[in-house]
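*Asks:* here are the coordinates; sequence isn't available:
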């Protein structure tokens, strides 16, 4: 292929799949050539970098950064899985983690739970000094597809057969990634790009480029979208742009799915990297600003609820302990709280009744036994944007 975009354009190679000839796409190595028009992106880049700085700073004012991360990571895992068609909700995930039965197929919730485990594994390895590499990506993929619908899709292994995006077969697909016999050369070039320190490409720009390239190579039979979105945050953490894994773009991508998929395809077909980077940087800015607002909303909520509990007088001590526990576990049972807090069942039960009267907690089941309690206002803040997509959306 030739054209004004030069080597920004990849090449199509003909391959046989299932008895038909198809054209699979080989992307050119990163960075783009001709280079990105960074001056044209500067204002957006500056806004996104500023929003990221504020987001990174919010971790210093949170009363409990691990607590915020615990819930925020679950929200991201949920949203990223919803883009791929999972119908789980945040409450379903929390019920699953409490060994309660959620309202959706267990495979849906297991996929979200696996995403959390894969993310935590990747961050742990980076903090141990292990580089972001093909090996680490495979390790995370193995965890991501450990159970659920992807368990039969070669977890932890790069594909050995042709996959495709859109359509019912490669012959009528929207996009056909590189054939398996050309996969290694694409992945080797991708890993080199991850490792090369290019002062012309700030980490934020580099992460935006890497996401598209990963999705274009589509190296696994399943889980490419979730892993590719996770890659963005891991790259920013490895580069020191973020101290904590607190930026997640899945809500932005979920709300703009047609634009997201269209822009990925325009990079492949036309080398339109600047249009993609405008979308990506706008997403970083919006998402980081939204995360800061969420953190502040939660701080305000916890403060208001503590003031209400303080007015209980002598009963306040045990109620505070249950309230603190529900910041970590917004959906609980009396038995679970009692075991974790080493408080008697009656004490936990009375504390939850106080929290219900104060309007802080809501009982979900309406039963006398095996009751489930939710920190409803807390969940309402986190639930924004997590409504499952309608089937075939």
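*Replies:* Right, received. Where do you want to start? Keep in mind the model is a prediction, meaning the values are calculated, not measured.

*Asks:* Just the buried positions in the helix or strand hosting residue 336, please.
*Replies:* Here residue 336 sits within helix 334-341, counting by DSSP states H and E. Buried residues in helix 334-341, counted by 16 or more other C-beta atoms under 10 Å: 334, 336, 337, 338, 341. For every residue, glycine as well, the C-beta is placed using N, CA and C.

*Asks:* Ok, stretch 125-145 next?
*Replies:* 125-126, 132, 136-145.

*Asks:* from those, which ones fall inside strands?
*Replies:* When the buried residues of stretch 125-145 are checked against strands (DSSP state E), there are no matches.

*Asks:* for this structure, what's the longest helix?
*Replies:* helix 273-310 (DSSP state H).

*Asks:* helices or strands up against the helix or strand that comes right after that helix?
*Replies:* Sequence order places helix 316-328 as the next helix or strand after helix 273-310, per DSSP H and E. Judged by 3 or more C-beta pairs under 8 Å, 6 or more residues apart in numbering; DSSP states H and E, the packing partners of helix 316-328 are helix 65-83, helix 273-310, helix 334-341, helix 345-357.

*Asks:* again, only using 10 Å
*Replies:* helix 65-83, helix 273-310, strand 331-333, helix 334-341, helix 345-357, strand 372-374 (3 or more C-beta pairs under 10 Å, 6 or more residues apart in numbering; DSSP states H and E).

*Asks:* any chance of those in JSON lines, plus mean pLDDT and distance to residue 49?
*Replies:* As requested, these are exported to JSON lines (pLDDT from 0 to 100; distance: least, C-beta to C-beta, whole Å):
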{"stretch": "helix 65-83", "mean pLDDT": "65", "distance to residue 49": "20"}
{"stretch": "helix 273-310", "mean pLDDT": "92", "distance to residue 49": "8"}
{"stretch": "strand 331-333", "mean pLDDT": "86", "distance to residue 49": "37"}
{"stretch": "helix 334-341", "mean pLDDT": "91", "distance to residue 49": "40"}
{"stretch": "helix 345-357", "mean pLDDT": "95", "distance to residue 49": "41"}
{"stretch": "strand 372-374", "mean pLDDT": "90", "distance to residue 49": "37"}
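
*Asks:* Quick one: closest of these to residue 51.
*Replies:* helix 273-310 (3.8 Å; C-beta to C-beta).

*Asks:* Now for the protein, the helix or strand with the poorest mean pLDDT.
*Replies:* helix 90-97 (a mean of 62; mean pLDDT, DSSP states H and E).

*Asks:* Angles on the backbone of residue 32, please.
*Replies:* When read as degrees, to the nearest 10, the backbone of residue 32 gives phi -60, psi 150.

*Asks:* Check the burial of it by counting its neighbours.
*Replies:* When neighbours are defined as other C-beta atoms under 10 Å, residue 32 has 22 of them.

*Asks:* what does residue 374 give?
*Replies:* With other C-beta under 10 Å as criterion, residue 374 counts 19.

*Asks:* And for residue 158, nearest residue in space, chain neighbours not counted?
*Replies:* Leaving out its chain neighbours, the residue that sits closest to residue 158 by C-beta to C-beta, 6 or more residues apart in numbering is residue 219, at 4.9 Å.

*Asks:* related to what we said a few turns ago, of all the helices and strands packed on helix 316-328, which one is nearest residue 12?
*Replies:* Comparing the helices and strands packed on helix 316-328 by C-beta to C-beta, helix 273-310 comes nearest, at 19.0 Å.

*Asks:* still on that earlier bit, next one: the helix holding residue 336 to chain centre, how far?
*Replies:* Distance, stretch centre to chain centre, for helix 334-341: 30 Å (C-alpha atoms, centre = their mean, to the nearest Å).

*Asks:* Turn the helices and strands packed on helix 316-328 into JSON lines, including distance to residue 382.
*Replies:* JSON lines is the format used below for these (distance: least, C-beta to C-beta, whole Å):
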{"stretch": "helix 65-83", "distance to residue 382": "5"}
{"stretch": "helix 273-310", "distance to residue 382": "7"}
{"stretch": "strand 331-333", "distance to residue 382": "11"}
{"stretch": "helix 334-341", "distance to residue 382": "19"}
{"stretch": "helix 345-357", "distance to residue 382": "18"}
{"stretch": "strand 372-374", "distance to residue 382": "12"}
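
*Asks:* okay, which residue of this protein is out on the far edge from center?
*Replies:* residue 314 (42.6 Å; C-alpha atoms, centre = their mean).

*Asks:* still on that earlier bit, could you look up the SS state of the residue nearest to residue 158?
*Replies:* coil (DSSP: H, G, I helix; E, B strand; the rest coil).

*Asks:* so how far is residue 286 from it?
*Replies:* 29 Å (C-beta to C-beta, to the nearest Å).
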